[in-house]
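Asks: my questions concern the predicted model and sequence given below.
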Amino acid sequence: SEMCIRDRRRVHGDSHYCNRLKMFSESKIPAEEKKSGVENISIRKKRDEFTTEIRRQKREEEISKIRNITDQGEKLPSIHNSLKSKAPTVEEEQMNSHIDACLKRKYEEAEVPILIKAALSDNFAEQFFGIVGLRKILAQQSDSPIQEIIDANLIPRLLEYMQDDSKPHLQLEAAWVLTNIASGTTIQTQTMVDKGAIPLFIRLFGHKHLKIAEQAIWALGNMAGDNIEFRDQIIEAGGIDRIIYLYTRIKNQKSVKNVAWALSNLCRGSPPPNYESVKLAVPVFGKMILDESDSETLSEALWALVNLTDNQDDEKLDDILTIGIIPRLAQLLQHKSLNVVIPTVRVLGHVLSGAKHQTDEVLKTDAVAQFRRLLSVKRKLVKKEVCFCLSNITAGTSDQVSHVVRDEELVKKLLDIALNHEEDEIKREAIWVLANATNHGTEDDIYTLLKNGLYDVYLVLLDSQDIKTVLIVLESLLYILNAGKHAYRTEDGENAFLIAAEKMGIITKVDKLQHHPHREVYRKGLMILETFYDMEPLI
C-alpha cells in the first residue's frame, strides 16, 4: 500500500536508493544491489558525522574568538561590573580594585605554575589572581596548559569555587576555566565529569546572575558535543529542563544562540538520545525558528530538528506539525544562507516522508515552488536534498503527485538534471522523482510527463552504465505501459504509450537488455517484453 511504501522509506532514513527499488516490485534484489544499499547507508552516515564535526570545529573556533575579544578588555569589565554591589563597602571597593587590576593584567605561559599555586591558596585575592591568569592563558594559547592544571589537581578546587554563590566574581572565573578545560580532549573532559562537574554546572542555570548561568551553557555544550556518554549524563541530570528554564530568562541574541547550540548538542549523536527525554526541546526549537533571525541560531535549531525527526515514527513528526513551523520552514527555503536552507530542506524531507496529512501540511505552503527554484542552485547537496523531498511527494497520493507533475517548469528542470547532470547520484535522485510519479500518479499525470519529454530522457538513460539508474527506468516503464494499456488507447484500441515507446526506439533498447550481464536488468527488461508482447523468453 501507499502508506506502507512511505513508512518503509522513512524508517530506513536516507538510505533510500536501495529501498525505493521495492516501491515498484517486491521481487528479490540481487546480492550486489543489497550490498550497494548498505554502502549508501554508510556513506550517508559518514556524511552526517562529517557535517557534525565541521559544525563543532567551527563552533569551537567561534568560542576561542569570543574569548579573545572578551579578554582584550572590551566586554570583560562590564561582565564583572554586573556582578558588583551597587552600594559597595570600603572593603568591597578595595576588592573591586584588585579585581580590575587582575583583569587588566597580562599573563605569560611561564607563569602557569605560579598561577596554579595562587589558585590553590586560601586567600580570595590570590585565588582570583591565579584563576583569572589561568583563564586568560587558556583562552589565548593554542597549546593550552589544560593537562598541567589537571595534574595539579586544581579541578576539585575550581568546582568548589564554582559552588560559592557568595563570591560571584570567583565563581564566574572558575566556571570559565572549567569551560575551557571542557573544550579539551575527551579524557581531559572525563576528569571533570568524574569529579561531579555536570550537576554543578546544571545548578548554575538558576543563578541570579545571568552571566554566570550563561557560562554554564558553554561548558555543558562542550561536554554534550564531545560524546554521547556525556550527553546522556547531562540529560539524565535534568539538563534539558534547566536549559529551557534559562532560555526563558535570557533576552539578547548572542545568549539565545549559545542556548540553541548547547541544546542542539544534547539532541544529536549516534545513537540519538531517547526521544521522550528530549522532546521538551522541540517547542523551544520551534520558538527559535519562528522568532529568531540570526542565521546561526536558526541553523542550530533546524539541525536539532533534523536529528530528532530522523528515523522517527509519525507521532514524532506530528510534534513538528503541532509547533506550527511548517509555513516558516517554507519561508526559510528562501534564506540567503545555505547553512539555513540545507537543514530546512532536510526537516521538510523528513515531514514529507511521513503520513498523508503530514505531507499535505507542507503542500499547503509554496514549498514546491521554492524547491523548483532551489534546483537551480549550484550546490550539489541542495539539488540532492530537494530531489529527495520531491520524490517523497511523488511517492504519495495522486493528488500529492499532481503538485509536482503539473508544475511544467519544475518537470523540465528534473528532466534536465536526470539527463545532463554530471553525477550519477544526483541524476538518480531526479529520476526517482519522475519514476515515483509514474507509479503513484494518474494516467493523465503520466501523459503530462511523456508530453514534456520523459521518453526522450529514458531513451538515453537505458544506455547508462549505472545499474541502479537502468533498473529505475525499467520499473517506471512497466508502470507507464500498464497505464497506457488501461487508459490511453488509439482509435484502433492499441496501447498509445506502447506505440510511442516503439516509435522512440525504447522497446528496441529494452529488447537488447536481454543480453545485459546484470541479472536483474535482464529480468526486468524481459518482464516488459513478456507482458506486452507475445514472445518466448531467451534461453
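Replies: Perfect, thanks for sending it. Residues are numbered from 1 along each chain as shown.
Asks: in space, what's closest to residue 259 - neighbours in sequence excluded?
Replies: Nearest residue to residue 259, sequence neighbours excluded (C-beta to C-beta, 6 or more residues apart in numbering): residue 247, at 5.0 Å. In short, each C-beta sits where N, CA and C put it, glycine included.
Asks: in terms of helices and strands, where is that neighbour?
Replies: Residue 247 is part of helix 239-249, with elements assigned from DSSP states H and E.
Asks: so residue 360 versus residue 406, what's the distance?
Replies: For residue 360, the distance to residue 406 (C-beta to C-beta, to the nearest Å) stands at 16 Å.
Asks: buried residues in the helix holding residue 247?
Replies: 239-240, 242-244, 246-247 (16 or more other C-beta atoms under 10 Å).
Asks: so which of those comes closest to residue 499?
Replies: Closest approach to residue 499 among those (C-beta to C-beta): residue 240, at 62.6 Å.
Asks: now do the same contact list for that closest one.
Replies: Listed by C-beta atoms under 8 Å, 6 or more residues apart in numbering, the contact partners of residue 240 are 263, 266, 277-278, 280-281.
Asks: residue 163 now?
Replies: By C-beta under 8 Å, 6+ apart, the residues touching residue 163 are 171, 200, 203.
Asks: hmm, residue 284 and the residue nearest to residue 259 touching each other?
Replies: Yes - between residue 247 and residue 284 there is a contact at 6.0 Å, judged by C-beta atoms under 8 Å.
Asks: and for those two, which residues touch both?
Replies: residue 263.
Asks: can you tell me how far residue 191 is from residue 419?
Replies: Look at residue 191 and residue 419: by C-beta to C-beta, they are 58 Å apart.
Asks: do residue 239 as well
Replies: For residue 239 relative to residue 419 (C-beta to C-beta), the value is 51 Å.
Asks: check which residues of stretch 137-155 are buried.
Replies: Residues 137-140, 144-146, 149-150, 152, 154-155 are the ones in stretch 137-155 that count as buried (16+ other C-beta under 10 Å).
Asks: average pLDDT across it?
Replies: Here stretch 137-155 scores 87 as its mean pLDDT.
Asks: just the CA coordinates for it, please, in PDB.
Replies: Provided in PDB are the C-alpha atoms of stretch 137-155 (Å, rounded to 0.1, in the frame of the first residue of the first chain):
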ATOM      1  CA  ILE A 137      46.200  31.800  29.200                       C
ATOM      2  CA  LEU A 138      43.800  29.000  28.300                       C
ATOM      3  CA  ALA A 139      41.800  31.400  26.100                       C
ATOM      4  CA  GLN A 140      44.900  32.700  24.300                       C
ATOM      5  CA  GLN A 141      47.200  29.800  23.900                       C
ATOM      6  CA  SER A 142      46.700  27.300  21.000                       C
ATOM      7  CA  ASP A 143      48.500  24.700  23.100                       C
ATOM      8  CA  SER A 144      46.600  25.300  26.300                       C
ATOM      9  CA  PRO A 145      48.100  24.000  29.600                       C
ATOM     10  CA  ILE A 146      44.900  22.100  30.400                       C
ATOM     11  CA  GLN A 147      46.800  18.900  31.400                       C
ATOM     12  CA  GLU A 148      49.100  20.900  33.700                       C
ATOM     13  CA  ILE A 149      46.000  22.200  35.500                       C
ATOM     14  CA  ILE A 150      44.500  18.700  35.800                       C
ATOM     15  CA  ASP A 151      47.800  17.200  37.000                       C
ATOM     16  CA  ALA A 152      48.000  19.900  39.700                       C
ATOM     17  CA  ASN A 153      44.600  18.600  41.000                       C
ATOM     18  CA  LEU A 154      43.100  22.000  40.600                       C
ATOM     19  CA  ILE A 155      39.700  20.800  39.200                       C
END
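Asks: please state the offset of that stretch from the chain centre?
Replies: Mean C-alpha position of stretch 137-155 versus that of the full chain (C-alpha atoms, centre = their mean, to the nearest Å) differs by 33 Å.
Asks: residues in contact with it?
Replies: Contact partners of stretch 137-155, identified using C-beta under 8 Å, 6+ apart, comprise 64, 67-68, 71, 107-109, 111-112, 115-116, 119-120, 134, 177-178, 180-181, 184-185, 188, 191-192, 195, 197.
Asks: kindly recompute the last result at 7 Å.
Replies: Stretch 137-155 is touched from outside by 67-68, 71, 107, 109, 112, 116, 119-120, 134, 177, 180-181, 184, 188, 191-192, 195, with contacts defined as C-beta atoms under 7 Å, 6 or more residues apart in numbering.
Asks: low-confidence ranges in the stretch 101-250 of the chain?
Replies: 141-143 (pLDDT under 70).
Asks: can you show me the helices along it?
Replies: Taking DSSP state H, counting those that start in this stretch as the criterion, the stretch 101-250 of the chain contains helices spanning 112-119, 124-140, 146-151, 155-162, 168-182, 186-194, 197-204, 210-226, 228-236, 239-249.
Asks: from residue 187, how far out is residue 270?
Replies: Using C-beta to C-beta, residue 270 is found at 21 Å from residue 187.
Asks: swap that for residue 523, sorry
Replies: When distance is defined by C-beta to C-beta, residue 523 is 55 Å away from residue 187.
Asks: repeat that for residue 416.
Replies: On the measure of C-beta to C-beta, residue 416 and residue 187 end up 52 Å apart.
Asks: average pLDDT for stretch 406-417?
Replies: Averaging pLDDT along stretch 406-417 yields 97.
Asks: I'd say residue 212 and residue 204 touch.
Replies: Yes - between residue 212 and residue 204 there is a contact at 5.8 Å, judged by C-beta atoms under 7 Å.
Asks: what do these two both touch?
Replies: With C-beta under 7 Å, 6+ apart as the test, residue 212 and residue 204 both reach residue 175.
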